[in-house]
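Trainee: sequence unknown, structure follows:
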């Protein structure tokens, strides 16, 4: 997911996306623990996407207050 795509989302959509990514991260960790994970690089991609969504959500909240 690119930053430009995330910036186009509203605050509610960002929260939904964050919840979806956290659920995916949990599932990937579970797959890794059980030895079923095929693409281990996806874990890092999801972590970065979560950070990206949180950062942009925080920026939007700061802009709304200012």
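Mentor: Perfect, I can see it now. Only a predicted model underlies this, so the values are computations on that prediction, with no experimental measurement involved.

Trainee: what about the chain, any weak spots by pLDDT?
Mentor: For the chain, applying pLDDT under 70 flags no range at all.

Trainee: give me the secondary structure label for the residue nearest the centre of it.
Mentor: Nearest to the mean C-alpha position of the chain, by Cα atoms, centre = their mean, lies residue 50 at 2.6 Å. Three-state call for residue 50 (DSSP: H, G, I helix; E, B strand; the rest coil): helix.

Trainee: how deep is residue 5 tucked in, by neighbour count?
Mentor: 10 (other Cβ atoms under 10 Å). Backbone N, C-alpha and C define where each C-beta goes, glycine included.

Trainee: give me phi/psi at it?
Mentor: Torsion angles at residue 5 (phi, psi; degrees, to the nearest 10) stand at phi -70, psi -40.

Trainee: repeat for the one 10 residues further on
Mentor: The phi and psi values for residue 15, taken as degrees, to the nearest 10, are phi -60, psi -40.

Trainee: in space, what's closest to it - neighbours in sequence excluded?
Mentor: Excluding the flanking residues, the one nearest residue 15 by Cβ to Cβ, 6 or more residues apart in numbering is residue 57, at 7.5 Å.

Trainee: which residues are in contact with that neighbour?
Mentor: 11, 14, 15, 18 (Cβ atoms under 8 Å, 6 or more residues apart in numbering).

Trainee: returning to that earlier point: let me see the contact set for the closest residue to the residue nearest to the centre of the chain other than its chain neighbours.
Mentor: Leaving aside its chain neighbours, residue 50 sits nearest to residue 21 (4.9 Å; criterion: Cβ to Cβ, 6+ apart). Taking Cβ under 8 Å, 6+ apart, we find residue 21 in contact with 46, 49, 50, 53.

Trainee: quick check: residue 21 vs residue 35, distance?
Mentor: Separation of residue 21 from residue 35 (Cβ to Cβ, to the nearest Å): 23 Å.
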